[in-house]
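Novice: Quick one, fold the following:
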Amino acid sequence: LVLLLLLVGHPSQSACRQALVLALDVSSSIDAAEYTVQMQGLARVLSDPEVQSLFLSNPDAPIDLAIFEWAGEVDQRLIADWTRIESSADLSRIAARLSSAAPPGGQKPTALGSALLFAARLLAERPECWQHVIDVSGDGKNNSGVDPAAAKQSPDFDGVTVNALVIGKAFETTDEIAGNLIAELTAYFHHDVIHGPDAFIETALGFEDFFRAMKKKLLRET
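Specialist: Numbers count the residues shown, from 1 in each chain. Now for the predicted structure:
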């Protein structure tokens, strides 16, 4: 009877409807200004009332959130370790960390496959969550380390959904060129990066479009 009361009395301690990992590209193709726009854009998204309302929509089964930035094969840095989102204050604290983050500096390649494997290892720390989702952003193709298509063959990706935010380059000379390039990059992410039956891609035309695209993406995947 005592054991039964303990189990019934604390149902929310183990309930987690989703473990969500946000993986942010900080490779050398992203300059300091774009880095700042990306981090502050995500901070704005997590502070947005509509996004916060969705995160907090089921208090009995909250979302666990972790955020890291990635570049080369061994360049993964946690910005926010696993946090159970139970109040707007939890999201505000993470937003503050994002707003104060500094660019890593140095020349760093784009190791998408390594980023996915790092994210999968993070998700393995949250086996109690009902859904496991990786949300990876990037503005280029893998050019270092394990190929992302090969990385996804790991058993760590069983039951994991990988969604992507493809960031196009806004500095191209014409809208037509920019559109063609983002279409090519989107096709690459569709074939090599996203994973799972309900996986999807959101696109941002330049970093100034990051806030809109990330908000739309989070509203869809949470």
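Novice: what are the ranges of the strands in the chain?
Specialist: Here the chain has its strands, by DSSP state E, at 18-25, 63-70, 76-85, 132-138, 160-168, 201-205.
Novice: Glu69 and Ile79 touch, don't they?
Specialist: Yes. Using Cβ atoms under 8 Å, Glu69 makes contact with Ile79 at a distance of 6.2 Å. To be clear about C-beta, it is placed using only N, CA and C from the backbone, and glycine gets the same treatment.
Novice: list residues touching both of these two?
Specialist: Leu24, Ala101 (Cβ atoms under 8 Å, 6 or more residues apart in numbering).
Novice: who's more crowded, these two?
Specialist: Between Glu69 and Ile79, counted using other Cβ atoms under 10 Å, the more crowded position is Glu69 (25 against 17).
Novice: residues in contact with that one?
Specialist: With Cβ under 8 Å, 6+ apart, Glu69 has these contacts: Ala23, Leu24, Asp25, Val26, Gln76, Arg77, Ile79, Ala101, Pro104.
Novice: Repeat the analysis, applying 10 Å as the threshold.
Specialist: Counting by Cβ atoms under 10 Å, 6 or more residues apart in numbering, Glu69 touches 22-27, 30, 35, 38-39, 75-79, 98, 101, 103-104, 115, 137.
Novice: Run through the bridge partners of it.
Specialist: Glu69 has these beta-bridge partners by DSSP bridges: Leu24, Arg77.
Novice: Relative to Leu205, how far out is it?
Specialist: 22 Å (Cβ to Cβ, to the nearest Å).
Novice: With Ser100 instead?
Specialist: 27 Å.
Novice: neighbour-wise, which of those two wins?
Specialist: Legend: neighbour count by other Cβ under 10 Å for Ser100 and Leu205, higher for Leu205 (19 against 11).
Novice: where does this protein have low pLDDT?
Specialist: Within the chain, the segments meeting pLDDT under 70 span 1-14, 169-180.
Novice: which residues of it fall in helices?
Specialist: Ranges of helices in the chain, per DSSP state H, are 2-9, 32-47, 49-55, 88-99, 112-123, 148-151, 175-192, 210-221.
Novice: Great, nothing more from me.
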